[in-house]
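Asker: Here's a sequence, model it:
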Amino acid sequence: MLNYIWGIMILIGIVVAAFTGKMPDVTNASLESSKDAVNVCFQMLGIVAMWTGLMKIAEKSGLIDSFSNKIMPILKFLFPEVPRNSKALKYISTNLIANMLGLGWAATPAGLMAMKELQKLNKNKEIASKSMCMFMIINMSSLQLLSINIISDRSLYNSSNPSEIIAPAFIATIVTTIVGVIVGKILGGVHK
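Answerer: Just a heads-up that it's a prediction; the model follows:
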């Protein structure tokens, strides 16, 4: 559906540009935007590689397992249906760590694996379990201690202070996470 909306908006823009004589501007903007997109991709590639590598090092060194053990009381509160020895909790921990560091792209593989493991525990395969819903809530609210993605984007676009986003992002994501967990627990209690 979203593809149709974007397609229609692009077509409307082209038609309006054609009738108003702005077609050269549309062409120039398209070419310039494409060039900018490729440049940003190459610049971000190094940042993504570095942080993904650091996440792998943290995993291999046992840091993620150590962090998982430290946050186990929180995970048991959020996911009481998930057995303590389940792989799902390890993947959820990895996803939370990556999200806390603002590394959404590094969190995605762990998030997909967590959801796969949660589905294995799900009794009704046609409906998402409470744990699956809670994981989606936490993943979407994305509690961030550091917003590495945004800081690097701001740096790439020559912000005078790329890291000034840290405090507002932390406050915003902690509020959305707390509200999300409260609503998830309330609705999870209603849906038994």
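Asker: what about Thr94, how many neighbours?
Answerer: For Thr94, the count of nearby residues is 24 (other C-beta atoms under 10 Å). For every residue, glycine as well, the C-beta is placed using N, CA and C.
Asker: buried set for the host helix or strand of it?
Answerer: Secondary structure from DSSP states H and E places Thr94 in helix 87-100. Buried residues in helix 87-100, counting neighbours by 16 or more other C-beta atoms under 10 Å, are found at 88-100.
Asker: of the residues you listed, closest to Val15?
Answerer: Of all the buried residues of helix 87-100, Asn99 has the smallest distance to Val15: 41.2 Å, by C-beta to C-beta.
Asker: Now tell me which helix or strand of the chain has the poorest mean pLDDT.
Answerer: Taking mean pLDDT, DSSP states H and E as the measure, the chain has helix 148-156 as its least confident helix or strand, at a mean of 79.
Asker: so that helix versus helix 87-100, what angle?
Answerer: Orientation of helix 148-156 against helix 87-100 (axes from the mean of the first three to the mean of the last three C-alpha atoms, to 10 degrees) gives an angle of 30 degrees.
Asker: got the contact list for helix 148-156?
Answerer: 40, 43-44, 47, 51, 101-105, 162-163, 165-166, 169 (C-beta atoms under 8 Å, 6 or more residues apart in numbering).
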